[in-house]
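[1] take this sequence and fold it.
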Amino acid sequence: MAEIETWQLEQRLALPLEQKIKYSIDRIMEWYAYWKGNVYGAFSGGLDSTVMMDLIWSIYPDVPAIFNNTGLEFPEIVDFVKERKKTHNIIILRPRKNFKQVIEEYGYPIVSKSVAQKIKECQQAKNKNTATFKLRTTGIKSDGTLTKIGKLPNKWHYLIDSPFKISDVCCKHLKKSPAIKYSKETGRMPYVGTTVGESRARRFSYLDYGCNAYTLTSQPRSTPIAIWSGKDIREYIKQSNLDYSKIYDMGYKRTGCIFCGFGVHMEKGLNRFQRLKQTHPALWKYCMDKLGLREVMKVYGVPIEENQMCLKLNENI
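    Okay, here's the model as predicted:
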């Protein structure tokens, strides 16, 4: 393990872009050397992975990039990836199940992965007396002790009785499984364009392993731009005159999966679905009416029309 100290991380986060570029290049080269070139880049078509792949290809132009076409990408993202594929080694993967099949079988991704997992377990419990249901709703473990970690926050309890299933496994089926399958078949180890500023989990992972997580139990991976900020990414793109997807000129700061509901309740101003209606009305209508997200968002308390304010169906949201 790298066991990075918090002060070291803060120091690296404060580095100027020029030094961050050098830091990332060094991590890329270390990862490449460790695996003897048997590596690949996870390429989503978003800004972060676009910058990461530009850094990788500046040293190792033959390293393949893997794009998971889940069916949930913006058309502008898909077009950008196809255009890049003309001049770079990009392999397009597809999942065995589509989003509609996943939500029908397992449930909708809303709130967060952690909350969705707990709601899923409560919904799947045979009765309210099971140990799992008690743990998730009260925090009382089987030995009678209390825990905050395993408890579903009270403000989300109402979602347990939703008229639809809720789950955290969407990403596993649509993104992780195809990538893991590719890695097992080829023996290649991934570069991933995630940063510590995106979540607490990624920050903690960096503190434990650093950029190059050689011993990560789930799968070894390199996150060479982990210490970059969104400002760093935009500055690099500007300085390098780097092409990027047009979706970012349409009011979107981040893209991800179009129909994902994780974190939408926290978005200020127009949320992703309100903006989707403005920019891609046909996709908005499809997800609301064909995929059932209209009912889901109503129960969730999230507005979907441009002129709607937060519905506040649950006052604690």
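
[2] list the contacts for the residue nearest to the spatial centre of the chain?
    Taking CA atoms, centre = their mean as the criterion, residue 256 is the residue nearest the geometric centre of the chain, at 6.6 Å. Counting by CB atoms under 8 Å, 6 or more residues apart in numbering, residue 256 touches residue 46. (Each C-beta comes from the backbone N, C-alpha and C, glycine too.)

[3] that one belongs to a helix?
    No - checked against DSSP: H, G, I helix; E, B strand; the rest coil, residue 256 lies outside a helix; its state is coil.

[4] where does it fall, phi/psi-wise?
    Here the main-chain torsion angles of residue 256 (degrees, to the nearest 10) amount to phi 70, psi -160.

[5] which residues in the stretch 101-250 of the chain form helices?
    Taking DSSP state H, counting those that start in this stretch, the helices of the stretch 101-250 of the chain run over residues 113-124, 131-138, 170-171, 177-186, 200-209, 230-240.

[6] report the distance from the shortest one to the chain centre.
    What that stands for is helix 170-171. How far helix 170-171 lies from its chain's middle: 9 Å, per CA atoms, centre = their mean, to the nearest Å.

[7] please enumerate residues in contact with that helix?
    Contacts of helix 170-171 with the rest of the structure, by CB under 8 Å, 6+ apart, involve 99, 102, 103, 106, 109, 113, 257, 260.

[8] what is the nearest of the residues you listed to residue 227?
    The shortest gap between residue 227 and any of the contacts of helix 170-171 belongs to residue 113, at 23.5 Å (CB to CB).

[9] tell me how many other residues crowd the closest one.
    Around residue 113 sit 18 other residues, with neighbours defined as other CB atoms under 10 Å.

[10] which residues touch it?
    168, 171, 262.

[11] ditto for residue 103
    Counting by CB under 8 Å, 6+ apart, residue 103 has contacts 109, 165, 167, 170, 291, 292.

[12] for the helix ranked longest in the chain, the averaged confidence score.
    Longest helix in the chain, counting residues (DSSP state H): helix 17-34. The average pLDDT for helix 17-34 rounds to 98.

[13] distance of the residue nearest to residue 216 when sequence neighbours are not counted from residue 222?
    In this structure, residue 216 finds its nearest non-sequential neighbour in residue 209, 6.1 Å apart by CB to CB, 6 or more residues apart in numbering. Using CB to CB, to the nearest Å, we find residue 209 at a distance of 10 Å from residue 222.

[14] correct me, but residue 90 touches residue 65?
    Yes - counting by CB atoms under 8 Å, residue 90 does reach residue 65; the two are 4.7 Å apart.

[15] who wins on neighbours among the contacts of residue 113?
    Among the contacts of residue 113, residue 168 has the most neighbours (other CB under 10 Å), with 22 neighbours.

[16] where does that one fall, phi/psi-wise?
    Phi and psi for residue 168, reported as degrees, to the nearest 10, are phi -110, psi 10.

[17] can we start the residue count at 549 from this point?
    That works, and once the first residue is 549, the last one we named lands at residue 716.

[18] thinking again about what came up before, any of the contacts of residue 651 buried? List them.
    657, 715, 718, 840 (16 or more other CB atoms under 10 Å).

[19] pretty sure residue 760 sits against residue 575.
    Yes - with contact defined as CB under 8 Å, residue 760 reaches residue 575; the gap is 5.8 Å.

[20] overlap in contacts of these two?
    residue 770.

[21] about what we covered before: the more surrounded of residue 638 and residue 613?
    Comparing residue 638 with residue 613 by other CB under 10 Å, the one with more neighbours is residue 613, at 25 against 18.

[22] list the contacts of that one.
    Counting by CB under 8 Å, 6+ apart, residue 613 touches 588, 589, 590, 591, 601, 636, 637, 638, 639.

[23] show the buried residues in the residues you listed.
    So, by 16+ other CB under 10 Å, the buried ones in these are 588, 589, 590, 591, 601, 636, 638.

[24] residue 749: how many residues sit nearby?
    Residue 749, neighbours per other CB under 10 Å, totals 12.

[25] sorry, slip of the keys, the one I care about is residue 841.
    Residues lying near residue 841 (other CB under 10 Å) number 23.

[26] tell me the spacing between it and residue 834.
    Going from residue 841 to residue 834 by CB to CB gives 9 Å.

[27] residue 840 now?
    Residue 840 is 11 Å from residue 834, by CB to CB.

[28] pLDDT on the helix or strand containing residue 822, on average?
    Per DSSP states H and E, residue 822 falls inside helix 820-827. Regarding helix 820-827, the rounded mean pLDDT is 96.
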